[in-house]
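K.L.:
Give me the fold of what follows.
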Amino acid sequence: MLTPTRPLLLGGNDSITLAPYHTHYPLLNQHMARVGLASHPNIWDQPLCIGPDHQVDNPNYQLMTPKDFFTFVIPFDMIGDTKEIPGGLPAMYEKALDQREKEIQGWQQTVKEGGLTKAQRKQFQTLVENKFQAWLAESGHKRELDGLVPPGAPGK
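P.N.:
Below you'll find the predicted structure:
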């Protein structure tokens, strides 16, 4: 979330998870300027909770844990100036993303230095893709991805 005002959580809302804004695209800064939205202050993590079901010692919301935080990539080619998330990320979320990236790079380096033949690399790639497809199906994320494909598109 990116907001210069405290998010308002009304009674009847529970189990809400708040997280920092997590995407960008090349024209985002221009679009934000056009509607008068600045990236600072950003008080996404300071909700104003109103209602009888909110208690200070037992809030009806939580902040997303950094380990569960991922950025969202907009998969379109556009021309524009925005190269990163407006306002940046809070340090703990940035650190989690950096750590995850280092793990991926380490894994890629291990595979690269594994000395696999071309046939073994192809077999390994197939294994990884099959495991990924199984994870997509088991986690429910396959439905989300399938929902991005317009009806009647090839492969649907």
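K.L.:
And the residue of the chain most remote from its centre, how far from residue 123?
P.N.:
Centroid-distance maximum for the chain: residue 117 at 35.1 Å, with Cα atoms, centre = their mean. Applying Cβ to Cβ, to the nearest Å, the value for residue 117 to residue 123 is 9 Å. Backbone N, C-alpha and C define where each C-beta goes, glycine included.
K.L.:
what do you get for residue 110?
P.N.:
Distance from residue 110 to residue 123, counting by Cβ to Cβ: 16 Å.
K.L.:
These two: who's more crowded?
P.N.:
residue 123 (12 against 9; other Cβ atoms under 10 Å).
K.L.:
contacting residues for that one?
P.N.:
Counting by Cβ atoms under 8 Å, 6 or more residues apart in numbering, residue 123 touches no other residue.
K.L.:
Assign a three-state SS to it, would you?
P.N.:
Secondary structure for residue 123, judged by DSSP: H, G, I helix; E, B strand; the rest coil, is helix.
K.L.:
how close does it sit to residue 133?
P.N.:
16 Å.
K.L.:
Over to residue 45?
P.N.:
For residue 45, the distance to residue 133 - Cβ to Cβ - is 36 Å.
K.L.:
Please say which of those two ends up with more neighbours.
P.N.:
More crowded of residue 45 and residue 133, by other Cβ under 10 Å: residue 45, with 16 against 11.
K.L.:
Surely that one touches residue 63?
P.N.:
Yes. Using Cβ atoms under 8 Å, residue 45 is in contact with residue 63, at 5.7 Å.
K.L.:
Quick check: neighbours shared by those two?
P.N.:
Shared contacts of residue 45 and residue 63 (Cβ under 8 Å, 6+ apart): residue 18.
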